[in-house]
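Visitor: only the shape, not the letters, is given here:
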């Protein structure tokens, strides 16, 4: 890891310690579960124990008779205008939108689907009451696998959809078939990107507080998208959006799982409406495993037509995406993002992609760190190694011959994106140098002398982030724009408040945004407060996801700072009795060019703007500005990760012995925070590569409902990592920034799997599925050596 | 993750604890297994008696040919104890590998044996060491060999009103080692094997291969009969019928028993 000097304050580019951390490490964070409202009652949901069943009766009498239980609500008694809404309707996909009522009406379709809500004096009594709710189920056949669900004769998840098809995305370039037919060779590969669970440290939780006299409702919820939740509450609960307030206190992680609107959020509002008091629900860890969205779960069949140099002349992908039983906020769009990124960082002009999305009797899938892009990257990066393997070429060289070249940017991809900027050879060169790729053969020989297999693997990735130009979200059928809001407010004392539409839940926006203010406006880091997370005082914001916060929200802030600075210039010119053209910006004051003694600091100008006694003609009082920034394009961070593993043939354990990441996220605001994002991202990718898998049995039961079975990597499982960066600024925004929140996760799994496949390549092993648990690897070795 | 209502008392003496157990309370040692089971509602005792205040249950001392370990001695203390380290190394080693530092700082040797998880490390290590426990009930004390203590999954031969007060570890296990295999650093063992080379020959026992800690008869017979370590390792899985699950097949686990027995044996030899 690069050693950087850490500071307690500073501007853009400095490794400033995070100003929000003191409260978190001293236990002063304030999460939903810390909130206690007067008269508040507590809710526990009764959930389906079956993957698929008809409900033939619900008896709530015993639960309602339990002292301390106030009410048990079911579909029949919980008011709602509509069910959960999906905001994703990809055009031409024949997407189906099954009704997802807040509580199951007559059928449950996955283990964990909510059936009733028990409201009691405390959480313990509510749970006792939930155990007394008697639900009669008539079990139905289940199907949990996407490919199986789309096969003839599969059990139907929704009887009105006779093929379980949820949506189908198809994209093919003209002349594709001829290009594939004309290829010198073809390489085929099947890749499974297994289902995983986001597992934020803080589970979900919310408090609904409905004022019966006014019809106003406040929802305190652990979310990444407060305003979006507000809009949907108005639809689902049937009230004016202007009467809905959504408050987001501190949020302990999301990873995409809280980029959503869930049944429970609506249900606590409606329950509060019925009972006349606030109703709180806190998800427990095992409940989180079944009730919060899952990620990935895609099966891919690649066919690449290549020439003798390994260059792909045509690429075909037939894929199956498991959407789960219902569509959550963006479910059909996640694998759409896969479709866009199938070519990766390679110049592949002839392409054919079919993404068949299926309903199954499983928890819905939706955005999970990377959201569709890790699936694309893992697949194409595995394919690159398979091509190298089949043609007997070096894995790095196969990538080089396929790379989009620096002079091709801006580059129009065959899937319809315009990549902003990139220099893929440079990150590859740097990563190979740092990882001592040239010295690998000697290290492999040393490992083999110790009876261990050793392998090295590459992942050269590009991702699309900075979500999103609003015209594009509309064109791909996402019912939400992609702009972001910022307000900069200077107080009479010269201190600054930033209101941001982003929704930090671990990313450190308070720190990074303060650094931007210091550099762009000259208000010191420590004089800046960043606030967010309450729709009552914030203009509409779209929130934090898709590595968008800096590239969209940060740029919105940058533009507001520019507006404030220019307004201050007019006021300074008036005070200094000169023309605005006579002034120059020093970084913290406007001064008459060449005359440092004739200057006004930004603090003095903030005071003057508030006092308003000497304002230029037509200029309003107060230094404050608001921006709604709609990005003209996405941003495209990229990089190369190199992983080196050893495999113990006796146990099958894959051990990462070295990991090198060279990332390019454009200009960097805080290198320490960027390193942290890369570390965390790699660990999350490592988790998928080695440990994590959400498993359903054939009966629809989840076999990994606790952290004993679902293995999230711990600090002790983290390998040594070497991080480095190159800097290719994005031309799509004035700050030249791209985003780094998901890059590590997008890149890591392929690098690790490629290394393990390389380690066993001498045995004839060409592919490994994730997670690469020891038993699986041992079996592969046994089969290959027997 | 929300336990049922229960009564909680904290005992300050063994007699007080036994009285509470007689009245129906479940003994609560370090709480690293019972509390999670209660939170998952897999266990719902109406009352628990916390043994954490019983000073006489904590500590390690020499007692003739044995080391007496108080049942409420934490894994962390067992792992660091010089007497155990010198005379019964594999038990210290097994204790040092239990869960995470947090779990080792709360979890106890007696609690681990009474809980009898089929993947627990300490039951197997103590079985290989030839250890036993002292159980006390209203009628007095009795000695139970580890091989007779655990009778099935999470089940022991303790009477409902008995608690483990001591673990007795025989000296003469200086040449010993415990080898475990697990996925993450904090995970339960998929398989663990303890090997002790004593005056009477080699004893070996495994966890994770049956409903209780299991002596490795095939390994012991081979190595005590003059066979090579490779032959002994190949025989280690004989007669074992582990469960196939997400951690691996029965065949894989039988294979791991041999790998770990060999590793532990070579380490024990020093």
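Guide: Yes, it's here. Being a predicted model, the structure only gives us computed values, none of them experimental.
Visitor: hang on, isn't residue B:59 packed against residue B:73?
Guide: Yes. Residue B:59 is within contact range of residue B:73, at 6.4 Å (criterion: Cβ atoms under 8 Å). (Each C-beta comes from the backbone N, C-alpha and C, glycine too.)
Visitor: which one of those two has more residues nearby?
Guide: More neighbours surround residue B:73 than the other of residue B:59 and residue B:73, with 23 against 14 (other Cβ atoms under 10 Å in any protein chain shown).
Visitor: contact partners for residue 18?
Guide: Going with chain A. A:508, A:510-511, A:673 (Cβ atoms under 8 Å, 6 or more residues apart in numbering or on different chains).
Visitor: should've been chain B
Guide: B:136-138, B:161-163.
Visitor: residue A:200 too?
Guide: By Cβ under 8 Å, 6+ apart, the contact set of residue A:200 is A:252-255, A:257-258, A:505.
Visitor: got the residues of the stretch 151-270 of chain B near chain A?
Guide: Within reach of chain A by Cβ under 8 Å from any Cβ of the partner chain, the stretch 151-270 of chain B has these residues: B:181, B:183-188, B:190, B:246-249, B:252, B:255-256, B:259.
Visitor: so which of these are in helices?
Guide: Among these, the members found in helices (DSSP state H) are B:252, B:255-256, B:259.
Visitor: got a markdown table for the residues you listed, with pLDDT too?
Guide: Below are those laid out as a markdown table (pLDDT from 0 to 100):
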| residue | pLDDT |
| --- | --- |
| B:252 | 98 |
| B:255 | 98 |
| B:256 | 98 |
| B:259 | 98 |
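Visitor: who wins for most neighbours among these?
Guide: Neighbour-wise, those (other Cβ under 10 Å) top out at residue B:256, 32 neighbours.
Visitor: I figured that one hits residue B:189, correct?
Guide: No. Contact criterion Cβ under 8 Å: residue B:256 and residue B:189 do not qualify, at 9.6 Å.
Visitor: all helices of the stretch 51-200 of chain B, in order?
Guide: Ranges of helices in the stretch 51-200 of chain B, per DSSP state H, counting those that start in this stretch, are B:75-80, B:82-87, B:89-96, B:101-106, B:109-115, B:121-129, B:146-149.
Visitor: return the residues in contact with whichever residue of the stretch 501-650 of chain A sits closest to chain B.
Guide: Taking Cβ to the nearest Cβ, chain B has its nearest neighbour within the stretch 501-650 of chain A at residue A:650, 4.5 Å off. Counting by Cβ under 8 Å, 6+ apart, residue A:650 touches residue B:259.
Visitor: can you check residue B:30 too?
Guide: B:52, B:72, B:74, B:106-108, B:111.
Visitor: kindly recompute the last result at 10 Å.
Guide: B:51-52, B:72-75, B:103-112, B:115 (Cβ atoms under 10 Å, 6 or more residues apart in numbering or on different chains).
Visitor: so how far is the top helix by length along chain A from its chain's centroid?
Guide: Counting by DSSP H, the longest helix found in chain A is helix A:555-576. Helix A:555-576 sits 34 Å away from the centroid of its parent chain (Cα atoms, centre = their mean, to the nearest Å).
Visitor: now swap in stretch A:44-56 and tell me
Guide: 29 Å.
Visitor: list the buried residues in that stretch.
Guide: A:44-53, A:55 (16 or more other Cβ atoms under 10 Å in any protein chain shown).
Visitor: what is the nearest of the residues you listed to chain B?
Guide: Using Cβ to the nearest Cβ, the buried residues of stretch A:44-56 come closest to chain B at residue A:44, 7.4 Å.
Visitor: and the closest one, what element?
Guide: strand A:41-47 (DSSP states H and E).
Visitor: walk me through which strands the next helix or strand after that strand pairs with, and which way each runs.
Guide: Downstream of strand A:41-47, the first helix or strand assigned by DSSP H and E is strand A:53-59. Its sheet considered, strand A:53-59 pairs with strand A:107-108 (antiparallel), strand A:134-139 (antiparallel) by DSSP bridges.
Visitor: is the strand holding residue A:44 in proximity to chain B?
Guide: Yes. Counting by Cβ under 10 Å from any Cβ of the partner chain, chain B has neighbours in strand A:41-47: A:42, A:44.
Visitor: elements contacting that strand?
Guide: Applying 3 or more Cβ pairs under 10 Å, 6 or more residues apart in numbering or on different chains; DSSP states H and E, one finds that strand A:41-47 contacts strand A:69-74, strand A:114-120, helix A:123-132, strand A:134-139, strand A:205-211, helix A:263-275, strand A:279-282, helix A:285-291.
Visitor: what about 8 Å?
Guide: Strand A:41-47 sits against strand A:114-120, helix A:123-132, helix A:263-275, strand A:279-282, helix A:285-291, with contacts defined as 3 or more Cβ pairs under 8 Å, 6 or more residues apart in numbering or on different chains; DSSP states H and E.
Visitor: residues from chain A in reach of chain B?
Guide: Residues of chain A lying near chain B (Cβ under 8 Å from any Cβ): A:44, A:123-124, A:127-128, A:131, A:284-287, A:650-653, A:691, A:695, A:703-704, A:706, A:708-709, A:711, A:713-714, A:716-717, A:773-775, A:778-779.
Visitor: now list the buried members of those residues.
Guide: Buried among the residues of chain A next to chain B (16+ other Cβ under 10 Å): A:44, A:123-124, A:127-128, A:131, A:284, A:286-287, A:650-653, A:691, A:704, A:709, A:711, A:713, A:717, A:773-775, A:778-779.
Visitor: list the residues that contact the residue of the stretch 451-600 of chain A found nearest chain B.
Guide: Relative to chain B, the nearest point of the stretch 451-600 of chain A is residue A:451 (11.9 Å; Cβ to the nearest Cβ). By Cβ under 8 Å, 6+ apart, residue A:451 lies in contact with residue A:649.
Visitor: do the one 3 residues further on as well
Guide: Taking Cβ under 8 Å, 6+ apart as the contact definition, residue A:454 lies against A:440, A:443-444, A:446-448, A:644-647, A:657, A:759.
Visitor: swap in residue A:111?
Guide: A:47-51, A:290, A:363, A:700-702.
Visitor: same question, residue B:170
Guide: Contacts of residue B:170 by Cβ under 8 Å, 6+ apart are B:65-67, B:88, B:129-131.
Visitor: report pLDDT for it.
Guide: You'll see residue B:170 listed with a pLDDT of 97.
Visitor: what's the answer for the one 4 residues further on, then?
Guide: In the predicted model, residue B:174 carries a pLDDT score of 95.
Visitor: check whether it really touches residue B:87, as I assumed.
Guide: Yes. Between residue B:174 and residue B:87 there is a contact under Cβ under 8 Å: 5.9 Å.
Visitor: more neighbours, the two?
Guide: Each of residue B:174 and residue B:87 has its neighbours counted (other Cβ under 10 Å); residue B:87 has more, 22 against 16.
Visitor: if I look at that one, how far off is residue B:81?
Guide: 10 Å (Cβ to Cβ, to the nearest Å).
Visitor: residues contacting the most centrally placed residue in chain A?
Guide: Geometric centre of chain A, nearest residue: residue A:369, 3.5 Å, by Cα atoms, centre = their mean. Contacts for residue A:369 (Cβ under 8 Å, 6+ apart) come out as A:198, A:255-256, A:295, A:681, A:684, A:741-742, A:745.
Visitor: likewise residue A:99?
Guide: residue A:83.
Visitor: if we use 10 Å, what do you get?
Guide: Contacts of residue A:99 by Cβ under 10 Å, 6+ apart are A:82-84, A:105, A:158, A:160, A:326.
Visitor: what does it show for phi and psi?
Guide: Taking degrees, to the nearest 10, you get phi -60, psi 130 for the backbone angles of residue A:99.
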